[in-house]
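> model this:
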Amino acid sequence: MFALTLVILPLYAGGLYIGSRLFGLAKPSTFRVICYILIGASALLGMPALDALLR
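Numbering: from 1, shown residues only. I've put the predicted structure just below:
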């Protein structure tokens with residue numbers, strides 16, 4: 001579990017950094033659409049019905 005954290009943490013930190021840099025460049029409507037897409041994708045990938053396909 002700790003090894004997974006070491007792999008994911010730099011990717012997470014990089015995503016936060018890039019997102020904070022790009023936040024001011026996007027129009028609010030574009031930012032909202034991107035957020036809705038990310039929220040929808042995380043909801044679909046987190047569904048228990050897809051566990052058999054994703055693992």
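
> next, the residue nearest to the spatial centre of the chain: secondary structure please.
The structure's the chain has its C-alpha centroid closest to Leu38; by CA atoms, centre = their mean the separation is 6.0 Å. When the structure is reduced to helix, strand and coil (DSSP: H, G, I helix; E, B strand; the rest coil), Leu38 reads as helix.

> from Leu11, how far out is Thr5?
The gap separating Thr5 from Leu11 is 11 Å, by CB to CB, to the nearest Å. All C-beta atoms are positioned from the backbone trio N, CA, C, and that covers glycine.

> which other residues reach the helix or strand bottoming out on mean pLDDT in the chain?
For the chain, scoring each helix and strand by mean pLDDT, DSSP states H and E identifies helix 51-54 as the least confident one, at a mean of 71. Contacts to helix 51-54, defined as CB atoms under 8 Å, 6 or more residues apart in numbering, come from residues Leu45.

> how close does the residue nearest to the centre of the chain get to Leu6?
24 Å.

> kindly report the same for Ala43.
Applying CB to CB, the value for Ala43 to Leu6 is 27 Å.

> element containing Ile34?
Ile34 belongs to helix 28-45 when elements are defined using DSSP states H and E.

> now that helix: mean pLDDT?
In this model, helix 28-45 has a mean pLDDT of 90.

> go on, stretch 11-20?
For stretch 11-20, the mean pLDDT works out to 92.

> cool, thanks, talk later.
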